[in-house]
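Peer 1: what follows is a predicted structure for the sequence shown.
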Amino acid sequence: MSLNAKTKYSGLAMLLHWLIAVLVIVQWRISEAAEEAATREAGGAIMANHFAIGVVIFLVVALRLVWRQMSPPPPPVPGHAPWERTFAKLVHFAFYALLLVMPIAGWIALSSFGEPINVWGLFQLPALPVPQNPDLGEQIFELHGASGIALLVLAALHALAALKHTIVDKDGTLFRMLPFGTSRS
Ligand code: HEM
């Protein structure tokens, strides 16, 4: 690869990547905290934050995807095997699909209880015009929870792969997503 070939994601892509990663972890911890809350009311108040952060995640991921079109990722690390590239692409695609579908599924589920989403009093997303059906809502929430576990498992695999490439193979993969350090090109 030539000396001046791009080997890192853009600064905005890095910022959005780490923001999404933090928001996903916070979102998971909030849903766990709500389940362990002493009362239903306390759990509901905690979950209001989960719903609002879900809206934020959707908007940040949408922005990330628009920016990805304007500033495409750097070419793959040359040393990575073709199967690794394909697998990484599949995992990245699954991340974006889950990160967009999960908030929408949450909104549909809440709507089937007739509930709007209040984003910390800043603005409100009305309940979607879906039939009021709490049983269906519960089922969608179940799927939403299972998708969340899938997302966390993928995130763990993804982080382990990035660390393995960086520490064992010493190919600087992690530095493609960090503003410092060099990655092999
Ligand atoms: C919930 C947590 C995370 C999510 C949802 C996530 C998602 C993603 C996605 C979708 C991409 C592809 C970016 C693109 O091409 O548009 C990516 C790339 C990357 N992520 Fe993560 N990530 C997470 C956590 C982490 C962690 C913890 C690490 C490091 C330990 C990490 C390291 C990287 C690196 C190095 C890349 C660039 C890979 C390459 O060179 O192609 N990510 N991540």
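Peer 2: Cool, the structure landed. Numbers count the residues shown, from 1 in each chain.

Peer 1: shaky segments in this protein?
Peer 2: Applying pLDDT under 70 to the chain picks out residues 1-5, 184-185.

Peer 1: quick check: residues of it near the ligand?
Peer 2: 17, 20-21, 24, 68, 73, 88, 92, 95-96, 155, 158-159, 162-163, 173-174, 176-177 (CB under 6 Å from any ligand atom). To be clear about C-beta, it is placed using only N, CA and C from the backbone, and glycine gets the same treatment.

Peer 1: how about 8 Å then?
Peer 2: By CB under 8 Å from any ligand atom, the part of the chain that sits against the ligand consists of 9, 13, 17-18, 20-21, 24-25, 64-65, 68, 73-74, 76-77, 88, 91-92, 95-96, 99, 151-152, 154-155, 158-160, 162-163, 165-166, 173-178, 183.

Peer 1: now the residue nearest the centre of the chain: which helix or strand?
Peer 2: By CA atoms, centre = their mean, the chain has its centre lying nearest to residue 99, at 4.6 Å. In the assignment (DSSP states H and E), residue 99 maps to helix 82-111.

Peer 1: list the helices and strands that helix packs on?
Peer 2: helix 40-70, helix 134-167 (3 or more CB pairs under 8 Å, 6 or more residues apart in numbering; DSSP states H and E).

Peer 1: next, the distance between the ends of stretch 102-122.
Peer 2: 22 Å (CA to CA, to the nearest Å).

Peer 1: what sits up against it?
Peer 2: 48-49, 51-52, 54-58, 124-134, 136-138, 140-141, 143-144, 147-148, 151 (CB atoms under 8 Å, 6 or more residues apart in numbering).
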